[in-house]
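1. okay, sequence plus prediction incoming.
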Amino acid sequence: MNDLLKPFSLEGRVALVTGASSGFGRHFAALLSRAGAKVVVAARRTDLIQKEANKINASGGQAMAVTMDVTSSSSIAAALDEVEKEFGVVTVVINNAGITIPKLLLDLSDDDWNNVIDTNLNGVAFVARETARRMIAAETGGSIVNIASILAERVQKALTSYAASKAAVVQFTKTAALEFAQHNIRVNALCPGYFQTELNGEWFKTQEGQALIKRIPQRRTGTLEELNGPLLLLASDAGSLMTGSAVIVDGGHVLSDL
């Protein structure tokens, strides 16, 4: 490997990706494997993530699937116990699990609000807390990358709970980074703009979707491959002096005129 690229290698690391059954999570899992990590794919539905683990193993990587409900501390602990028996201590965490319930605030039920906050904020905090405890006990150090959003800085109608949760994730990231720095654990946030996935591709073809794209300074959405560099920077030793950062990848969207 070129010496310049060596810091980006995750050889010998164990990387956990939550919400790994589709979209960003599935892409991140494959990317981390290509970077050399043993990859743990986690979600509530094991059947979906087992397929992703099988793909990674078939391509020459090492991966395992674990059932994990990020809103449950006991579920997180049980999953990590399983991981440690097979792969060892997780030292790279991609806190990707998240949901959205797009409704106007006046139409949001208490359950709607709580479900988004539980997954997007509490889940990030609970996974970060448990993985950090284990890194500290094993004296390994590590990197935690929390997937936030540009909606931590900008706003969009019908996404109050989502925007609030992602803004909280960014502030949580900074505070956790301060607390964990003495243990050689870095905590950063990745804030993607709009990326086309299997879930939203058709919407971007609509008049409303096209109008949104026109408001992005680069006049396009992102491709998942354009998250590769930023994610690896935060996850690997290439970003060894970065902690408490919120890295925006959005084609300049947050810079656009209001």
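-> Alright, I've got the coordinates.
2. how about Gly61, nearest residue that isn't a chain neighbour?
-> Nearest residue to Gly61, sequence neighbours excluded (Cβ to Cβ, 6 or more residues apart in numbering): Ser33, at 3.7 Å. Placement of C-beta: from N, CA and C, glycine included.
3. do the same with Val83
-> Per Cβ to Cβ, 6+ apart, closest to Val83 is Val40, 5.2 Å.
4. quick revisit: for the residue nearest to Gly61, grab phi and psi.
-> Ser33 adopts backbone torsions of phi -60, psi -40, taken as degrees, to the nearest 10.
5. tell me where the model's unsure across the protein.
-> Low-confidence segments of the chain (pLDDT under 70): 258.
6. packing partners for the longest helix seen in it?
-> Determined from DSSP state H, the single longest helix within the chain is helix 160-180. Other helices and strands packing on helix 160-180, by 3 or more Cβ pairs under 8 Å, 6 or more residues apart in numbering; DSSP states H and E, are helix 110-117, helix 123-138, strand 142-147, strand 185-192, strand 246-249.
7. could you check how far Gly60 is from Val66?
-> 21 Å (Cβ to Cβ, to the nearest Å).
8. more neighbours: which of those two?
-> Val66 (24 against 8; other Cβ atoms under 10 Å).
9. follow-up on the earlier one: adding distance to Thr173 and mean neighbour count, write the helices and strands packed on helix 160-180 out as CSV.
-> Listed next are those as CSV, based on distance: least, Cβ to Cβ, whole Å; neighbours: other Cβ atoms under 10 Å:
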stretch, distance to Thr173, mean neighbour count
helix 110-117, 16, 15
helix 123-138, 8, 19
strand 142-147, 5, 27
strand 185-192, 4, 25
strand 246-249, 7, 18
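10. gap between Val41 and Leu159?
-> 27 Å.
11. okay, these two: which has more neighbours?
-> Val41 (32 against 20).
12. three-state assignment of the closest residue to that one other than its chain neighbours?
-> Closest residue in space to Val41, ignoring its immediate chain neighbours: Ala20 at 3.7 Å, by Cβ to Cβ, 6+ apart. Three-state call for Ala20 (DSSP: H, G, I helix; E, B strand; the rest coil): coil.
13. report the contact partners of Ala20.
-> Arg26, Phe28, Ala29, Val41, Ala42, Ala43, Ile49, Glu52, Asn96 (Cβ atoms under 8 Å, 6 or more residues apart in numbering).
14. if we use 6 Å, what do you get?
-> Arg26, Ala29, Val41, Ala42, Ala43, Ile49 (Cβ atoms under 6 Å, 6 or more residues apart in numbering).
15. backbone dihedrals for it, please?
-> phi -90, psi 10.
16. in the protein, which residue is most central in space?
-> With distances taken as Cα atoms, centre = their mean, Asn96 lies nearest the centre of the chain, 2.8 Å away.
17. how much space between Ser73 and Glu82?
-> 15 Å.
18. pull out the buried positions in stretch 67-78.
-> Thr67, Met68, Asp69, Val70, Thr71, Ser72, Ser75, Ile76 (16 or more other Cβ atoms under 10 Å).
19. out of those residues, which are inside helices?
-> Ser75, Ile76.
20. what's the most distant pair in the buried residues of stretch 67-78?
-> Thr67 and Thr71 (13.2 Å; Cβ to Cβ).
21. what about Asp118, neighbour count?
-> 18.
22. just to check, it is in contact with Thr71?
-> Yes: here Asp118 reaches Thr71: they are 4.5 Å apart, a contact under Cβ atoms under 6 Å.
23. need the nearest residue in space to Thr197, chain neighbours excluded.
-> Gly23 (4.4 Å).
24. how many other residues sit next to that neighbour?
-> For Gly23, using other Cβ under 10 Å, the count is 17.
25. next one: Gly239
-> Around Gly239 there are 20 residues (other Cβ under 10 Å).
26. contacting residues around the longest helix of the chain?
-> With Cβ under 6 Å, 6+ apart, helix 160-180 has contacts from 100, 105, 113, 116-117, 120-121, 124, 128, 132, 146, 148-149, 151-152, 155, 187, 189, 243-244, 246.
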